[in-house]
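A.B. asks: After the sequence you'll find the predicted model.
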Amino acid sequence: MNEIRQLSDRIDALEARLMYQDVTIETLNHTITAQWQTIDGLTRQVSQLNERLREAESGSFRPSNEPPPHY
């Protein structure tokens, strides 16, 4: 009878650990998803800034408040 009780206690402990692991995995999944969304947004922003920098370096980019060269 003592053996059955020990096995039951071990199973209960394993089930509790499994429950906490499930919660941890779900939390990590949400965290990683949010991080990837942030990374994607930052990647797009860096791409846009690189494009603006290339335009500025090539001279084709003119600020909107600068008068045209014929004035």
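C.D. replies: Thanks, I have it. Numbering: from 1, shown residues only.

A.B. asks: can you pull out the helices in this structure?
C.D. replies: 2-58 (DSSP state H).

A.B. asks: So, low pLDDT: which residues of it?
C.D. replies: Across the chain, the ranges flagged by pLDDT under 70 are 60-64, 71.

A.B. asks: farthest residue from the center of this protein?
C.D. replies: Met1 (51.5 Å; Cα atoms, centre = their mean).

A.B. asks: how far away is that one from Leu7?
C.D. replies: Met1 is 11 Å from Leu7, where distance means Cβ to Cβ, to the nearest Å. For every residue, glycine as well, the C-beta is placed using N, CA and C.

A.B. asks: Gln21 now?
C.D. replies: From Gln21 over to Leu7 the distance is 21 Å, taken as Cβ to Cβ.

A.B. asks: how far away is Thr27 from Ile39?
C.D. replies: Distance, Thr27 to Ile39, using Cβ to Cβ: 19 Å.

A.B. asks: oh, I was asking about Val23
C.D. replies: Val23 is 25 Å from Ile39, by Cβ to Cβ.

A.B. asks: Leu18 now?
C.D. replies: Here Leu18 is placed at a distance of 31 Å from Ile39 (Cβ to Cβ).

A.B. asks: for Glu3, same thing?
C.D. replies: 53 Å.

A.B. asks: quick one: which of the two has more around it?
C.D. replies: More neighbours surround Ile39 than the other of Glu3 and Ile39, with 10 against 7 (other Cβ atoms under 10 Å).

A.B. asks: residue contacts, the more buried one?
C.D. replies: Contacts for Ile39 (Cβ atoms under 8 Å, 6 or more residues apart in numbering) come out as none.

A.B. asks: Now find how far off-centre stretch 35-52 is within its chain.
C.D. replies: 12 Å (Cα atoms, centre = their mean, to the nearest Å).

A.B. asks: would you put the C-alpha positions of it in PDB?
C.D. replies: What follows is stretch 35-52, C-alpha atoms only, in PDB (Å, rounded to 0.1, in the frame of the first residue of the first chain):
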ATOM      1  CA  GLN A  35       9.800  40.100 -30.200                       C
ATOM      2  CA  TRP A  36       9.500  38.900 -33.800                       C
ATOM      3  CA  GLN A  37       6.900  41.600 -34.400                       C
ATOM      4  CA  THR A  38       9.200  44.200 -33.000                       C
ATOM      5  CA  ILE A  39      12.200  42.900 -35.000                       C
ATOM      6  CA  ASP A  40      10.100  42.900 -38.200                       C
ATOM      7  CA  GLY A  41       9.000  46.500 -37.600                       C
ATOM      8  CA  LEU A  42      12.600  47.600 -36.800                       C
ATOM      9  CA  THR A  43      13.900  45.800 -40.000                       C
ATOM     10  CA  ARG A  44      11.300  47.700 -42.100                       C
ATOM     11  CA  GLN A  45      12.300  50.900 -40.400                       C
ATOM     12  CA  VAL A  46      16.000  50.300 -41.100                       C
ATOM     13  CA  SER A  47      15.300  49.500 -44.700                       C
ATOM     14  CA  GLN A  48      13.400  52.700 -45.100                       C
ATOM     15  CA  LEU A  49      16.100  54.700 -43.500                       C
ATOM     16  CA  ASN A  50      18.700  53.100 -45.700                       C
ATOM     17  CA  GLU A  51      16.700  54.000 -48.800                       C
ATOM     18  CA  ARG A  52      16.400  57.600 -47.600                       C
END
